[in-house]
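**Q** after the sequence you'll find the predicted model.
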Amino acid sequence: ETGVTQTPRHLVMGMTNKKSLKCEQHLGHNAMYWYKQSAKKPLELMFVYSLEERVENNSVPSRFSPECPNSSHLFLHLHTLQPEDSALYLCASSQDRVGNEQYFGPGTRLTVT
Amino acid sequence: LAKTTQPISMDSYEGQEVNITCSHNNIATNDYITWYQQFPSQGPRFIIQGYKTKVTNEVASLFIPADRKSSTLSLPRVSLSDTAVYYCLVGPRNAGNNRKLIWGLGTSLAVNP
């Protein structure tokens, strides 16, 4: 498989659940990103990993916990989310943190009930 | 931080040339201008990037005036498949730069038969 893949594509969870989003890139990139996309809002950068080290955390609530075990995989662990966390969560990758040339996955549509 | 402003929506017809303008009055000296395209249920896809004057590739042209406070994405002879949301992004390319990437709200382009 090529490009950036994300699983699951859709997720419905209650506020007390714990779930994880998975991202995998097959492009040989060394930087990966998590974004949140809500309706009528700009794309929000959540986390940046470069060479498996977290280099950016943009004031994201602790109920979102990222994990990057290697340069090809990125996870976003979710727990005790709020309804306002419902959004499309996008993963992206790039080479050498050239931030403007990113390759995005299809996203996970998350609904918190 | 460089903020971008673009029209919320545009309408066009097949075969026409479409020009989408983005304003970025606070663009920094080392910022590049990048445009992405996003279809429903997909992540954004890189279209074109430039720093000044004009850049052209197989899908679009990017015009940037001397003061760089705005830019225009030009799509020649659009087709129905060009119906999508187009995002203007202003930010640095250099790794290690701590300035955040600023995404616009996007322009929803509808191409009609």
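**A** That came through fine.
**Q** off-centre distance for stretch B:24-42?
**A** Relative to its chain's centre, stretch B:24-42 lies at 5 Å (CA atoms, centre = their mean, to the nearest Å).
**Q** report whether stretch B:10-26 contacts chain A.
**A** No. Residues of stretch B:10-26 are not located near chain A by CB under 8 Å from any CB of the partner chain, the shortest gap being 12.7 Å. All C-beta atoms are positioned from the backbone trio N, CA, C, and that covers glycine.
**Q** mean confidence for that stretch?
**A** Stretch B:10-26 comes out with an average pLDDT of 96.
**Q** ok, stretch B:48-68 next?
**A** 95.
**Q** then stretch A:7-22?
**A** If you average the pLDDT values across stretch A:7-22, you get 94.
**Q** residues contacting that stretch, please?
**A** A:6, A:73-83, A:89, A:91, A:106-113 (CB atoms under 8 Å, 6 or more residues apart in numbering or on different chains).
**Q** filter those to the buried ones?
**A** Among these, those classed as buried by 16 or more other CB atoms under 10 Å in any protein chain shown are A:6, A:74-76, A:78, A:81, A:89, A:91, A:106-110, A:112.
**Q** tell me, which of those make contact with chain B?
**A** A:Cys91, A:Pro106, A:Gly107, A:Arg109.
**Q** per-residue confidence at the first one?
**A** In the predicted model, A:Cys91 carries a pLDDT score of 96.
**Q** so it: helix, strand or coil?
**A** Secondary structure state of A:Cys91, per DSSP: H, G, I helix; E, B strand; the rest coil, is strand.
**Q** tell me which parts of chain A are close to chain B?
**A** Counting by CB under 8 Å from any CB, the residues of chain A that sit close to chain B are A:4, A:40-43, A:45, A:50, A:58, A:90-92, A:96-107, A:109.
**Q** thinking A:Gln6 is in contact with A:Arg109, fair?
**A** No. Counting by CB atoms under 8 Å, A:Gln6 does not reach A:Arg109; the two are 10.2 Å apart.
**Q** against A:Tyr49, how distant is the closest residue to chain A within chain B?
**A** Here the residue of chain B nearest chain A is B:Gly43; by CB to the nearest CB that distance is 2.7 Å. Counting by CB to CB, to the nearest Å, the separation of B:Gly43 from A:Tyr49 is 17 Å.
**Q** pLDDT at residue 106, what is it?
**A** Let's take chain A. 93.
**Q** let me rephrase: I mean chain B.
**A** Value for B:Gly106, per-residue pLDDT: 91.
**Q** by mean pLDDT, point me to the weakest helix or strand of chain A.
**A** strand A:53-57 (a mean of 73; mean pLDDT, DSSP states H and E).
**Q** residues in contact with that strand?
**A** A:Leu45, A:Met46, A:Phe47, A:Val48, A:Tyr49, A:Pro66, A:Cys68, A:Arg97.
**Q** which residues does the residue lying closest to the residue of chain B closest to chain A once chain neighbours are set aside bridge with?
**A** Counting by CB to CB, 6 or more residues apart in numbering or on different chains, A:Phe104 is the residue found nearest to B:Gly43 once chain neighbours are left out, at 2.7 Å. Taking DSSP bridges, one finds A:Ala92 as the beta-bridge partners of A:Phe104.
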